[in-house]
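Q: structure of the sequence below:
(4 chains)
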There are 2 protein chains.
Amino acid sequence: MQRPAELDLPGVTPSRQKRSRETTAALLQVGAEMLRTHSLAELSIDALCRQVGATVGAFYSRFESKDAYFNALIELAARDGGSRLSRMREDRRLTEADLAELSRLLVRGTIGWIRNHEGVLRAALQHDDTRPDRWSTFKGLARANVADATPILLSAMGRGNKAAKTRAISFGFQVVLGTLVNAILNDPGPLSIHDREIEARLANCLLLLLQAEMAAPAARSSRGRKKQLRRSQG
Amino acid sequence: MQRPAELDLPGVTPSRQKRSRETTAALLQVGAEMLRTHSLAELSIDALCRQVGATVGAFYSRFESKDAYFNALIELAARDGGSRLSRMREDRRLTEADLAELSRLLVRGTIGWIRNHEGVLRAALQHDDTRPDRWSTFKGLARANVADATPILLSAMGRGNKAAKTRAISFGFQVVLGTLVNAILNDPGPLSIHDREIEARLANCLLLLLQAEMAAPAARSSRGRKKQLRRSQG
DNA sequence: AAATAATCATAATCGTAATTCGGATTATGG
DNA sequence: CCATAATCCGAATTACGATTATGATTATTT
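A: Residues are numbered from 1 along each chain as shown, chains lettered A, B, ... in the order given. Predicted structure coming up:
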């Protein structure tokens, strides 16, 4: 999944010999895999090492702590996401596509990445513990994704009302990502993250939100129609 | 928030005196409140009891374990959700409303419930630990919600294509609930669960999904338009 | 090949918070 | 008021897994 690239991560002892580089890589790889079916709490260092064919001693000579280990997993997933974004920026297809096609491509790309890192992502979402919110790394990635997509989508959405359209785009991604997050965390149905259909459905959902904004009355307060709710309720 | 109704829950020792009924209620109430700002792991029995003005001994004479305690919190939130559903079933407004109004009412009701139980819900979502998925209780509630709403929405969506429309409704709720789950768990922005605007936006999103299905070509395979994606991608 | 550094193995430690236990204390019924 | 059960107290126990310590291996260098 991830090439044995050089890891230089806080809490990860740099390897000076091939052997240790391999155990580091194996620990990361196997751990990410185990997280597909176990929570982080359930993944004990001992069990992990047994799977890998290493020992806790080896683990601790590579990683400062379980915490640092998990951070490394997160960082790797995030880096992979970052490189996906880079590739996207250079993708000629995006500048030529219409709005429907763009929605499809953007949603599909995101889903692919999520599927690739399902275990680590779920673990990062759950992670009760402490404060410095592990998920924040991915929040940044999501923001970058939206930031990248926004100008492209805007140019496919025609002139005028840029601010309102930008908000619609942001909200559209909030909806798409929210649905996906819930899918990997709870698999609530009807569609699972692994269903083919979820791609088309979500892409269409995004498209509808964007089209609705394009069709919205251009008066000041472009969301006038949506603000009809006044009545209160218990 | 929850009246001192009789609790009869597995793992909760039935109270035979007023005093203990009060400590049980206080422990549940204060704990639910503390979970708004702390994770379940961070909520130690000791800290909880200090807040309540009780002792761990009292806690364990009321609850079998921390686990049972948390289950009780979940059950209470779920019961409250259930009674919201009951109220909804008898609400005359729903039979008269049009689709837009229905979307608003349904979404608003759900959001209200979520806000009321934000802490417990977040904790249930995170909860690394063990298997029998704590969230499943809420999954059942969500299913019941969809089951209740479906016939009402169907009748507001006109004749024909009932199967496709039902799928659209299910997916619509998946999207709405997913967005809300992500909002309480990660608050990814732009809209937080506490923003007024999220109600209108999500209601509109649901409406758009349903309207799109109504407008879909009525041929067999009513989602023909959405299934245009054929090309593969790396 | 010896010396030195890096890595690994294994068995102890340690920390943390849940849980238990043996009395106090408080309520209830006669 | 007394007897009895229910509840509460809080220090000690326990469980569990991360972490550390120490001593082997294995690689690198000269």
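
Q: what parts of chain A come near DNA strand D?
A: A:17-19, A:43-46, A:56-57, A:60, A:65-67 (CB under 7 Å from any atom of the strand). Placement of C-beta: from N, CA and C, glycine included.

Q: quick one: name the residues of chain A near DNA strand C.
A: Residues of chain A lying close to DNA strand C (CB under 7 Å from any atom of the strand) are A:13, A:15-17, A:19-20, A:22-23, A:54-58, A:61-62.

Q: most neighbours among these, which one is it?
A: The most crowded member of the residues of chain A next to DNA strand C, judged by other CB atoms under 10 Å in any protein chain shown, is A:Arg62 (25 neighbours).

Q: that one touches A:Thr13, doesn't it?
A: Yes. With contact defined as CB atoms under 8 Å, A:Arg62 reaches A:Thr13; the gap is 5.7 Å.

Q: what about the helices in chain A?
A: For chain A, helices defined by DSSP state H occupy the ranges A:18-34, A:45-52, A:56-62, A:66-89, A:92-96, A:99-116, A:118-126, A:136-156, A:162-186, A:197-215.

Q: and the last one, what does it pack against?
A: Helices and strands touching helix A:197-215, by 3 or more CB pairs under 8 Å, 6 or more residues apart in numbering or on different chains; DSSP states H and E, are helix A:99-116, helix A:162-186, helix B:162-186, helix B:197-215.

Q: give me the buried positions along the helix or strand of chain A at the bottom of the mean pLDDT ranking.
A: Least confident helix or strand of chain A, by mean pLDDT, DSSP states H and E, is helix A:92-96 with a mean of 90. By neighbour count on 16 or more other CB atoms under 10 Å in any protein chain shown, the buried set for helix A:92-96 is A:Leu94.

Q: show me what it is packed against.
A: On a contact count with 3+ CB pairs under 8 Å, 6+ apart, helix A:92-96 meets helix A:99-116.

Q: okay, buried residues for the helix it packs on please.
A: Neighbour counts over helix A:99-116 (16+ other CB under 10 Å) mark A:99-111, A:113-114, A:116 as buried.

Q: next: stretch A:163-173.
A: A:164-173.

Q: same check on stretch A:36-49?
A: A:38-41, A:43, A:45, A:48-49.

Q: returning to what we had before: nearest to B:Arg84, of the buried residues of stretch A:163-173?
A: Each of those was checked against B:Arg84 using CB to CB; the closest is A:Phe171, at 25.7 Å.

Q: give me the number of residues near the spatially closest residue to that closest one that is not a sequence neighbour?
A: Computed as CB to CB, 6 or more residues apart in numbering or on different chains, the closest residue to A:Phe171 that is not its neighbour in sequence is B:Arg201, at 5.5 Å. Neighbourhood size, B:Arg201 [other CB under 10 Å]: 24.

Q: so B:Arg201 makes contact with B:Ala183?
A: No. The pair B:Arg201 / B:Ala183 is not scored as a contact, 11.2 Å apart, by CB under 8 Å.

Q: and the end-to-end length of stretch A:7-22?
A: 11 Å (CA to CA, to the nearest Å).

Q: just to revisit the earlier point, so which of the buried residues of stretch A:36-49 is the closest to A:Ala142?
A: Nearest member of the buried residues of stretch A:36-49 to A:Ala142, counting by CB to CB, is A:Leu40, at 21.0 Å.
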